[in-house]
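A.B. asks: Predicted model, plus sequence, below.
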Amino acid sequence: MSAEVAEGEEVVKPDSAVMREMSKKAAWSVSSCKPGNGVNLLRDDNLDTFWQSDGAQPHLVNIQFQKKVKLQLLGIYVDYKLDESYTPNKISIRVGNGFRDLKEIKLVELVEPVGWTYIPLCANESSSWFDRFQDASWRAKYMDRRQWIHITISSYSHEPKR
């Protein structure tokens with residue numbers, strides 16, 4: 001079981017000494033949810049609870065910050081073995097400073113993921129991006145300030161729970 005990132009980029013585990021959790025500074029919204037499984041369960045720090053979408057695909061998660069921030073990595077927790085409905089298979093990540101200027105920077109395919117998957121938010125970077133990230137001059141050049149992340153879940157693993 002593995003998680004794969006398009007364009008040959010590696011999935012890395014963040015170093016807490018280098019990175020800071022920023023998601024609590026954002027407003028989160030989703031395109032739909034089933035009763036009792038809303039957006040608040042995306043951020044409750046409990047791996048036993050989950051957001052469950054409802055309605056037609058694609059399903060969307062919007063993350064909006066009050067001001068521009070430098071974003072490096074997106075972490076999502078998915079468990080193919082325990083998911084009651086469908087597990088995300090293809091995820092598109094768009095970033096920008098508003099809904100009208102969003103640009104896709106990642107198209108990720110998850111293959112039976114179990115646990116945390118970390119997706120670098122640097123556009124067009126190779127697998128050694130994390131090493132370069134340690135260099136402040138590289139960060140200043142390649143890390144754009146963004147205000148909005150738009151996540152589209154476009155397909156699911158339609159395997160029944162065993």
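C.D. replies: Structure's in. What do you need?
A.B. asks: mind listing the helices for this structure?
C.D. replies: All helices of the chain, identified by DSSP state H, fall at 129-133, 136-142.
A.B. asks: Quick one: mean pLDDT for the last one?
C.D. replies: Across helix 136-142, the average pLDDT comes to 58.
A.B. asks: ok, Y156 touching P88?
C.D. replies: Yes - Y156 lies in contact with P88 (C-beta atoms under 8 Å); the separation is 6.1 Å. Backbone N, C-alpha and C define where each C-beta goes, glycine included.
A.B. asks: of the two, who's got more company?
C.D. replies: Of the pair Y156 and P88, P88 is the one with more neighbours under other C-beta atoms under 10 Å, namely 23 against 17.
A.B. asks: ok, that one - contacts?
C.D. replies: By C-beta atoms under 8 Å, 6 or more residues apart in numbering, the contact set of P88 is 76, 78, 110, 153, 155-157.
A.B. asks: could you pull out the strands for this structure?
C.D. replies: Per DSSP state E, the chain carries strands over the ranges 2-5, 26-30, 59-70, 73-79, 87-96, 103-111, 114-120, 145-157.
A.B. asks: Check those strands for me and report the most buried one.
C.D. replies: Of all the strands of the chain, strand 87-96 carries the top mean neighbour count, a mean of 20, counting by mean count of other C-beta atoms under 10 Å.
A.B. asks: what pairs with L73 across the strands?
C.D. replies: Beta-bridge pairing of L73 under DSSP bridges involves P120.
A.B. asks: That one and Y118 touch, don't they?
C.D. replies: Yes - with contact defined as C-beta under 8 Å, L73 counts as touching Y118 (5.4 Å).
A.B. asks: residue nearest the centroid of the protein?
C.D. replies: L74 (4.4 Å; C-alpha atoms, centre = their mean).
A.B. asks: Grab the nearest non-local neighbour of that residue.
C.D. replies: I119 (4.6 Å; C-beta to C-beta, 6 or more residues apart in numbering).
A.B. asks: Return the per-residue confidence for the one you found.
C.D. replies: 85.
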